[in-house]
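J.: Return a 3D structure for these sequence lines:
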Amino acid sequence: MKIMPYLTQQGFMEGIVMSFIDITHYHNSQLELKEAQQIANMGSWVLDNASNVLSCSEEIYKIFQVEQSDFNLNFESFIEFIHIEDRNKVSESLYASIKNKIPFEIEHRIVTKENEVKYVREKCRTDYDTYGNPLTSFGILVDISDKKKEQIRIERSNKIDKTISELSEIAISHNVDLENYSEITLKKLMKLISCKNGYIAINNEDKTERIVLANAGRSCIISNNCNNIYDKSEASCFCNVRFNLKKIFISNDINEFRKEYKIEDNDINWNNYMSVPIYSDVELLGQIVLFDKSTDFNEDDISIVKRFAAKFAMVLLRIQAKEKLNLNINLYRSIFQNISNGFAFHEIILDKKGNPIDYKFIDINESFEKLTGLQKENVIGETIKHIIPEIENEWIEKYGHVALTGEQLIFEHFSQPLKKRYKVNAYSPEKGLFATIFEEIK
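T.: Okay, here's the model as predicted:
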């Protein structure tokens, strides 16, 4: 409403003139804009470039989690809420936009008054006077934290899946020993979690000692009376205390942790610590330990390390089984080569009707050479008919019966070509294969 006096020609007030402007639409538009900003989690700001005075919508204060009375209305105060790693990027983008007279759009992080990190998308344009001097900059800021954090979560999950897949590939296709695999696993895990230190520890077979693999790939053996990791005193040995705790453990306050477990280790100079056990069913195989992370360990970190621990348990058991198998193979080969009896391993050869017609040598021991006069380099991979063309069919038929039925045969036979009598024990470890243990009868 506007009121003006109505004057006569002589200057006397004869009445008043009242005019009305309907601002209902404007008022409703302002309310709608405010509501829209709240729904979209979006705020707006205006910067007077000459005076450096900043004005913000209510939603800006809500996004920043700050009261309007606590916010200095200038550009510097606005910049203080921007994540320290993103400040230069935002400032440079704004100055470049003003200088080049083009709008800009940027994504960056802010840190609220309550120390919550948020992700925002910001757009800005500037108006200029007739001389090209910047007058007013207008900005829109949208809180995209939920969308961005979900995107980061998916990207991180995909990265974790890829890393675990790479570890599986290494375990399957590369001939790596346990220490090398542990070192590779630890380095990849530390990179994902963003921590500076850690180790993987496993029990030895009789659980009297633990093998610890440090982040640099150094290994050492720790007895149950552990006294050489992190402390010279057996009573306060940090490693021993932690290993005996068969559950997930996190401490983001190392001083509180020292006090709780009565550890007086001056060499422990890191901020936080996380330990996740490595289990196979209910058996404790070892632990993965990470410490000295720049931020606190959290539930996401636990989830990642648990997945790595499960994969490590599978690979650990596979490597240990392979090592035992190699030991058994070496043991059996030693016995195989040193027994006085002749030993030979064969594959039976059949005709189209499935009848045995020949057999091939796969392996023999030294006693076989001594008892038959046949040399290893001349028989491996060759058939008996190629080596001894006049071999009696009786031998082939008996061995074919063993290889095809699995029935063990013990018999004596005189070999006409070799002019020797043998006592033979023939058995089949797998269909189509047979082995013979024999001795000469004099």
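J.: Tell me, how many residues neighbour residue 361?
T.: Residue crowding around residue 361 was assessed by other Cβ atoms under 10 Å; the count is 21. Quick note: C-beta positions are derived from backbone N, CA and C, even for glycine.
J.: Now do the same for it: helix, strand or coil?
T.: Classification of residue 361 into helix, strand or coil gives strand, according to DSSP: H, G, I helix; E, B strand; the rest coil.
J.: Bridge partners for residue 346, pull those for me.
T.: residue 361, residue 434 (DSSP bridges).
J.: residues contacting it?
T.: 359-362, 399, 403, 433-436 (Cβ atoms under 8 Å, 6 or more residues apart in numbering).
J.: Now tabulate the residues you listed in TSV and tack on distance to residue 57 and pLDDT.
T.: As requested, the contacts of residue 346 are exported to TSV (distance: Cβ to Cβ, whole Å; pLDDT from 0 to 100):
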residue	distance to residue 57	pLDDT
359	91	95
360	87	94
361	89	93
362	84	90
399	93	94
403	88	94
433	83	92
434	88	93
435	87	90
436	93	91
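J.: Selection in ChimeraX covering whichever of the residues you listed are buried, please.
T.: The ChimeraX selection below is limited to those of the contacts of residue 346 classed as buried (16 or more other Cβ atoms under 10 Å):
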select :359,360,361,399,403,433,434,435,436
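J.: domains for this protein, by residue range?
T.: Listed by automatic domain parsing, the domain ranges of the chain are 1-39, 41-143, 175-329, 339-441.
J.: CSV for the ones you listed, including distance to residue 150?
T.: What follows is these, written out as CSV (distance: least, Cβ to Cβ, whole Å):
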stretch, distance to residue 150
domain 1-39, 19
domain 41-143, 11
domain 175-329, 13
domain 339-441, 54
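J.: Next up, the contacts around residue 386.
T.: Not one residue lies near residue 386 by Cβ under 8 Å, 6+ apart.
J.: Next one, pLDDT for it please.
T.: For residue 386, the model assigns a pLDDT of 93.
J.: Assign it to one of the three secondary structure states.
T.: Under the three-state scheme (three-state DSSP), residue 386 adopts helix.
J.: how close does it sit to residue 349?
T.: Counting by Cβ to Cβ, to the nearest Å, the gap from residue 386 to residue 349 is 11 Å.
J.: Grab the longest helix from this structure for me.
T.: The single longest helix within the chain, with elements called by DSSP state H, is helix 299-338.
J.: Give the rounded mean pLDDT of that helix.
T.: For helix 299-338, the mean pLDDT works out to 79.
J.: That helix: which residues count as buried?
T.: 301, 304-309, 311-313, 315-316, 319, 336.
J.: which strands and helices sit next to it?
T.: Here helix 299-338 touches helix 145-173, helix 178-193, strand 273-280, strand 283-293, going by 3 or more Cβ pairs under 8 Å, 6 or more residues apart in numbering; DSSP states H and E.
J.: Kindly list the main-chain dihedrals of residue 86?
T.: Note on residue 86: its backbone torsions stand at phi -110, psi 0 [degrees, to the nearest 10].
J.: what sits against it?
T.: Contacts for residue 86 were tallied using Cβ under 8 Å, 6+ apart; they are 108-109.
J.: that older thread, which one of the domains of the chain lies closest to residue 168?
T.: Taking Cβ to Cβ as the criterion, residue 168 comes closest to domain 175-329 out of the domains of the chain, the separation being 7.0 Å.
J.: Distance to residue 372 for the buried residues of helix 299-338 - can I get that in TSV?
T.: Rendered in TSV, the data for the buried residues of helix 299-338 read as follows (distance: Cβ to Cβ, whole Å):
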residue	distance to residue 372
301	66
304	61
305	60
306	59
307	57
308	55
309	55
311	51
312	50
313	49
315	45
316	45
319	40
336	16
